[in-house]
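Trainee: Predicted coordinates and the sequence they were generated for:
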Amino acid sequence: MENRTAIAWEGMTRVDQQIAQWVEETPFVDTHEHLIEESQRLAGAFDARTLPCNDWAYLFRSYAAEDLIVSGLPAADLRKFLSPGLSGQEKYQLISPYWDRIRNTGYAQALRYTFYGLYGERDLTAESFPRIAEKYYETVQPGFYQRILKLANIEGCHVNSLQRIFMVTEQPALLDQDISILQLCRCSAADFNRVEAETGKRPETLDEWLHVVDFYFSTFGPTAVAVKSQIAYSRALDFSFVTKAQASRLFLHQIDRAGHLHALGPDDLKALQDFLFRYCLGKATEFGLPVKLHTGVLAGHGVMQLSRTRNNAADVCRLLRDFPDTRFVLMHIGYPYEHEFIALAKHYPNAAIDMCWAWIINPVACVRFLKEFLMAVPSNKIFTFGGDYVTVEPIYGHAVIARRGIAQAISQLVAEGWISLEDTRYLIDRIMRGNAHSYYQNAAHKSRGSCQTLSADR
Ligand SMILES: [Zn+2]
């Protein structure tokens, strides 16, 4: 297949073209996705959260749907758009006035590159959508995850399952998995239900709960690639030291004699979460697993409290100091406070930054961020791609945007005289794949035997 989405921009010099070619040729290690299992896509097994419909509208689920809403699409119309009940024509009519408003955002551009790269369609229009609808179904065939990732020149993905605390994947050679510690620390009713569904246990004491945590780490720690927490969606990242005795008392307070869960007050809940989170950090460190933390803007719409998000960088300093042997990966560059994350990665040996998701939140800010990061922080401390999708298809378009941004950032640094062209070949390999291979040296990676990198000897 022709390369439909080669990196190009107005006024490219020959040096720019050389850099763009190297970026095109270099595979990404994709360090963050939420992909469901391919078999669920093939079966079209509906699920309100991860597979609300099985047609071209599904590609909007993350994240273009959010731009549609904030551009003015009524929430009730979005629910209809993402439901299985409507015809393609009805779905197109619902969103077409809003598509025009969002077409230049990173979220929508990722879809447009996807439509072009996978389906050969340059845009979503009244004329093209029936073909896009048809090609959606033609694409969903056995092996399509591998095929799309190969087309996007991606070696493999890290997956943070939204369905299980640890997903035992059908495709371990392609999809490394994170242990999701959110459900082990948050103490919501849903977390108790999830643990019970997966383990058959409904802990009534802190020790019983810690036993469950230990079970997840001893069972899945050896094959997991990392642990992941998106607890920043529900609270600040200020985890204080709490004694086990206090945490035990709080744990008992939330369970009555009949084993029913009662909500703790906010301070008590925070203290219990603080204890459990720090316990999980200890387990991650014991198993040599990096800890990936969501930082920065929240997905969704109408819920973010920016005052809390703004403090993410300051709040994690305590963790970085208290857990010097734990490797922290601060995700999404903490956008829109990315400058503070450059300072963290520069100062703390145990802090690395992941640009996952960020390229489509604000592609131009990411070009600026990458330039500044590379001038301030050792180049082994950054991972430059993760699509952050539940659906595999838009990873393709997101990777196009990330490659364009990486090529631009590096080209600009060369043009401005900050780095030399001969240094860039190795730098590109390092930030797109080499860093991930050397940082995430878990059993799954080793068994795949893909640890040799160009940057290994630099
Ligand atoms: Zn994510």
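Mentor: Happy to help now that I have it. Bear in mind the structure is a predicted one, so any value in this text is a computation, not a measurement.
Trainee: Wasn't residue 177 part of a strand?
Mentor: Yes. Residue 177: assigned to a strand according to DSSP: H, G, I helix; E, B strand; the rest coil.
Trainee: residues touching the residue nearest to residue 327 when sequence neighbours are not counted, list them.
Mentor: Spatially, and ignoring its direct neighbours in sequence, residue 327 is nearest to residue 290 (4.3 Å; Cβ to Cβ, 6 or more residues apart in numbering). For the C-beta atoms, the positions are set from N, CA and C on the backbone; glycine is no exception. Residues in contact with residue 290 (Cβ atoms under 8 Å, 6 or more residues apart in numbering) are 226, 227, 284, 327, 328, 329, 352, 439, 440.
Trainee: wouldn't the fourth one be in contact with residue 349 here?
Mentor: Pointing back at residue 327 there. No. With contact defined as Cβ atoms under 8 Å, residue 327 does not reach residue 349; the gap is 9.2 Å.
Trainee: so where do the helices sit in the stretch 201-350 of the chain?
Mentor: Ranges of helices within the stretch 201-350 of the chain are 206-220, 244-253, 266-286, 306-310, 312-322, 338-347, based on DSSP state H, counting those that start in this stretch.
Trainee: now the ones you listed in a markdown table, with mean pLDDT?
Mentor: Formatted as a markdown table, these follow (pLDDT from 0 to 100):
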| stretch | mean pLDDT |
| --- | --- |
| helix 206-220 | 98 |
| helix 244-253 | 96 |
| helix 266-286 | 97 |
| helix 306-310 | 96 |
| helix 312-322 | 98 |
| helix 338-347 | 98 |
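Trainee: if we compare the ones you listed, which one ends up closest to residue 125?
Mentor: Nearest to residue 125, of all these, is helix 338-347, at 34.9 Å by Cβ to Cβ.
Trainee: Buried residues, the following helix or strand past that closest one. List them.
Mentor: The element immediately downstream of helix 338-347 (helix or strand, assigned by DSSP states H and E) is strand 351-354. By neighbour count on 16 or more other Cβ atoms under 10 Å, the buried set for strand 351-354 is 351, 352, 353, 354.
Trainee: Quick one: residues contacting the last one.
Mentor: This means residue 354. Contacts of residue 354 by Cβ under 8 Å, 6+ apart are 31, 32, 292, 329, 330, 331, 332, 333, 382, 383, 386.
Trainee: Next, find the distance separating the nearest residue to the second one once chain neighbours are set aside from residue 300.
Mentor: Translated: residue 32. In space, and not counting its chain neighbours, residue 32 is closest to residue 386: 2.9 Å by Cβ to Cβ, 6+ apart. According to Cβ to Cβ, to the nearest Å, residue 386 stands 18 Å off from residue 300.
Trainee: do residue 204 as well
Mentor: Where residue 300 is concerned, residue 204 sits at a distance of 33 Å (Cβ to Cβ).
Trainee: Residue 402 too?
Mentor: In terms of Cβ to Cβ, residue 402 sits 22 Å off from residue 300.
Trainee: Contacts only, for the residue of the chain positioned farthest from its centre.
Mentor: Distance from the C-alpha centroid of the chain, by Cα atoms, centre = their mean, peaks at residue 257 (39.8 Å). Neighbour list for residue 257: empty [criterion: Cβ under 8 Å, 6+ apart].
Trainee: Same question for residue 269.
Mentor: 187, 263.
Trainee: do that again at 10 Å, thanks
Mentor: 186, 187, 188, 234, 235, 250, 254, 263 (Cβ atoms under 10 Å, 6 or more residues apart in numbering).
Trainee: Now render those residues as CSV, adding distance to residue 142 and neighbour count.
Mentor: Shown next, in CSV, are those (distance: Cβ to Cβ, whole Å; neighbours: other Cβ atoms under 10 Å):
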residue, distance to residue 142, neighbour count
186, 36, 21
187, 40, 19
188, 37, 14
234, 38, 13
235, 41, 18
250, 49, 22
254, 45, 17
263, 45, 11
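Trainee: tell me the two of those residues that are most distant?
Mentor: It's 234 and 250 that sit farthest apart of the contacts of residue 269, by Cβ to Cβ, at 17.0 Å.
Trainee: about what we covered before: nearest to residue 424, of the buried residues of strand 351-354?
Mentor: Of all the buried residues of strand 351-354, residue 424 sits closest to residue 353, with 19.6 Å by Cβ to Cβ.
Trainee: Would you agree the closest one is in contact with residue 331?
Mentor: Yes. Contact criterion Cβ atoms under 10 Å: residue 353 and residue 331 qualify, at 8.1 Å.
Trainee: joint contacts of those two?
Mentor: Here residue 353 and residue 331 have 295, 341, 383 as joint contacts, going by Cβ under 10 Å, 6+ apart.
Trainee: Now do the phi/psi pair for the first one.
Mentor: Going back to what we said before, that points to residue 295. When quoted as degrees, to the nearest 10, the phi and psi of residue 295 stand at phi -140, psi 160.
Trainee: Could you pull up the residues touching it?
Mentor: 230, 232, 237, 309, 312-313, 315-316, 328-335, 337-338, 340-341, 344, 353-354.
Trainee: Mind doing that once more with 6 Å?
Mentor: Residue 295 sits next to 312, 330, 331, 334 when contact means Cβ atoms under 6 Å, 6 or more residues apart in numbering.
Trainee: Any idea how far the longest helix along the chain is from the middle of the chain?
Mentor: The helix that spans the most residues within the chain, counting by DSSP state H, is helix 393-415. What separates the centre of helix 393-415 from the centre of its chain is 17 Å, taken as Cα atoms, centre = their mean, to the nearest Å.
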